[in-house]
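S.K.: everything below, folded, please.
(one chain, ligands or ions: 2)
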Amino acid sequence: MTHHGLAARIASLRSEIRTEPEMSALDRLAVALYDSRTDLLKTFIHAGNGPNPLDHAAAPLSSLPSLQALAQTGGSRTVNDLEAIARTGHDYAARLVSFGYRSSHTIPILGRSGLHGFLFFNATTPEFFSPSVLRRLKPYAELVAQMVLRELDALRAMRGMVRVLLQIAAVRDGETGAHLARMARYSRLIGLKLAPRHGLSDEFIEYLFQFAPAHDVGKIAVPDHILLKPGPLTHEEFVLMQHHVERGIEIVDLAVGDHGFISDVHLQMLRQIIACHHEKLDGTGYPRGLSGTDIPLEARIVAVADVFDALTSRRPYKDAWSNEAALATLAAEAEQNKLDPECVAALAASMREILQIQACFTETVLG
Ligand SMILES: [Fe+2]
Ligand SMILES: [Fe+2]
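M.R.: Residues are numbered from 1 along each chain as shown. Ligands and ions are numbered 1, 2, ... in the order given. Below is the predicted model:
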């Protein structure tokens, strides 16, 4: 049986609710996720008839006092007239109104460890969320909250496993937790920049961010004398090193494959990241020598993020390069049809965010 992703399951639930009497004006169901480490509330899932009015948005929860209050009290909030709120200069309300929404109902998603996000219902008519409608929506809202919490639990468990494996590998080859924390965030930056042109959803970008640090999980299978060798590798050693790609896929299949742990689409994305992060656009990469867009976009993104962080961090055998020097090298690699030029340009256009990430995750801070 196909294990669908959370977005697909929430979309079917939305269709189901709308078939009920008087529920057809309920058009939008959306989920935002809260990252307590950075206080960021990020848009995550949108199920609705039209495009997402709040695509690729992120804001500190502290800048959203009404949502912050819901998180503290656990209560819900109904806005019966979004137009009136929009007129007071509220940006999110204005965007919802411009997409045809007239009322909203918001519920915090609270788990054992506190706030995990928010669930938003939007209707195309004002005053939609009457007490009787809210009574009927309550079980659905509870169900969506449980689905989101379960998904986050599964992701956390998966990441925990990958992290344990990586920490063992990282200790051995000098790559640090901070490297993984940074390259995951660089991947997210590139994904956000590419999103409009490639139609990437917030869900895609979130999983890209979650899975990027697993790219080298197969390094745990590379023998120490190769992984830790200070000088250049011989041809035979390089061949053995390259095996970390296939070993990585084996490890992921053993650890998370087929257990229904993560959905099929997401498992596929995780495998692509591991399988293709050393492929080059001109076909000279490994292990399969794929070229151009045969290399999945998620892998092209992760490759750029990974190389950029490798260049800009200090390793036992080299100093850290400046961001400018690293970006120049990436641009040259893109020129030679090795790295994806669009991904390189996206990263180069995100200097402000790069500096924030580097300030937040220095070598002593573990991801
Ligand atoms: Fe690798
Ligand atoms: Fe890496």
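
S.K.: only C-alpha atoms from now on, for both contacts and neighbour counts.
M.R.: OK.

S.K.: now the strands for the stretch 101-250 of the chain?
M.R.: 103-111, 114-123 (DSSP state E, counting those that start in this stretch).

S.K.: check the secondary structure at the closest residue to residue 23 other than its chain neighbours for me.
M.R.: Residue nearest to residue 23 in three dimensions, not counting chain neighbours: residue 17, with 6.7 Å by C-alpha to C-alpha, 6 or more residues apart in numbering. Classification of residue 17 by DSSP: H, G, I helix; E, B strand; the rest coil places it in helix.

S.K.: count of residues packed around residue 352?
M.R.: 9 (other C-alpha atoms under 10 Å).

S.K.: ok, now the one 5 residues further on?
M.R.: The criterion is other C-alpha under 10 Å. On that basis, residue 357 has 16 neighbouring residues.

S.K.: cool, and residue 19?
M.R.: Residue 19 has 10 nearby residues by other C-alpha under 10 Å.

S.K.: gap between residue 245 and residue 167?
M.R.: Here the criterion is C-alpha to C-alpha, to the nearest Å. By it, residue 245 lies 17 Å from residue 167.

S.K.: out of the two, which sits in the busier spot?
M.R.: The neighbour count for residue 245 versus residue 167, taken as other C-alpha under 10 Å, is higher for residue 245 (25 against 17).

S.K.: isn't that one right up against residue 273?
M.R.: No - applying C-alpha atoms under 8 Å, one finds residue 245 not in contact with residue 273, separated by 9.7 Å.

S.K.: so which of the strands of the stretch 101-250 of the chain is nearest residue 43?
M.R.: Closest of these to residue 43 is strand 114-123, at 9.3 Å (criterion: C-alpha to C-alpha).

S.K.: and the angle for that closest one with strand 103-111?
M.R.: Using axes from the mean of the first three to the mean of the last three C-alpha atoms, to 10 degrees, the inter-axis angle of strand 114-123 relative to strand 103-111 is 160 degrees.

S.K.: not counting strand 114-123 itself, show me its contacts.
M.R.: 25-36, 41, 71, 101-110, 141, 144-145, 149 (C-alpha atoms under 8 Å, 6 or more residues apart in numbering).

S.K.: and the buried ones among these, selectable in ChimeraX?
M.R.: Typed into ChimeraX, the line below selects the buried ones among those, using 16 or more other C-alpha atoms under 10 Å:
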select :25,26,27,28,29,30,31,32,33,34,41,71,101,102,103,104,105,106,107,108,109,110,141,144,145,149
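
S.K.: helices - which of the contacts of strand 114-123 land there?
M.R.: 71, 141, 144, 145, 149 (DSSP state H).

S.K.: farthest pair within these?
M.R.: 71 and 144, at 16.8 Å, using C-alpha to C-alpha across the ones in helices among the contacts of strand 114-123.

S.K.: so which elements touch the helix or strand hosting residue 302?
M.R.: For residue 302, the host element (DSSP states H and E) is helix 297-312. For helix 297-312, the elements it packs on are helix 177-198, helix 264-276, helix 323-335, helix 341-348, judged by 3 or more C-alpha pairs under 8 Å, 6 or more residues apart in numbering; DSSP states H and E.

S.K.: shouldn't residue 183 be in contact with residue 210?
M.R.: No - counting by C-alpha under 8 Å, residue 183 sits too far from residue 210 to count as a contact (10.7 Å).

S.K.: of the two, who's got more company?
M.R.: Each of residue 183 and residue 210 has its neighbours counted (other C-alpha under 10 Å); residue 183 has more, 25 against 20.

S.K.: and that one, how far from residue 149?
M.R.: 26 Å.

S.K.: now swap in residue 39 and tell me
M.R.: 18 Å.

S.K.: in PDB, list the C-alpha atoms belonging to stretch 93-109.
M.R.: Only the C-alpha atoms of stretch 93-109 are listed here, as PDB (Å, rounded to 0.1, in the frame of the first residue of the first chain):
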ATOM      1  CA  ALA A  93      -5.000  39.000   6.800                       C
ATOM      2  CA  ALA A  94      -4.700  41.200   3.700                       C
ATOM      3  CA  ARG A  95      -3.100  38.400   1.700                       C
ATOM      4  CA  LEU A  96      -5.900  36.000   2.700                       C
ATOM      5  CA  VAL A  97      -8.500  38.500   1.700                       C
ATOM      6  CA  SER A  98      -6.900  39.100  -1.700                       C
ATOM      7  CA  PHE A  99      -7.200  35.300  -2.300                       C
ATOM      8  CA  GLY A 100     -10.900  35.400  -1.500                       C
ATOM      9  CA  TYR A 101     -11.000  34.300   2.100                       C
ATOM     10  CA  ARG A 102     -13.300  36.100   4.500                       C
ATOM     11  CA  SER A 103     -13.100  34.300   7.900                       C
ATOM     12  CA  SER A 104     -10.700  32.100   9.700                       C
ATOM     13  CA  HIS A 105     -10.300  29.800  12.700                       C
ATOM     14  CA  THR A 106      -6.900  29.100  14.200                       C
ATOM     15  CA  ILE A 107      -5.900  26.300  16.700                       C
ATOM     16  CA  PRO A 108      -2.500  25.700  18.200                       C
ATOM     17  CA  ILE A 109      -1.000  22.300  17.800                       C
END
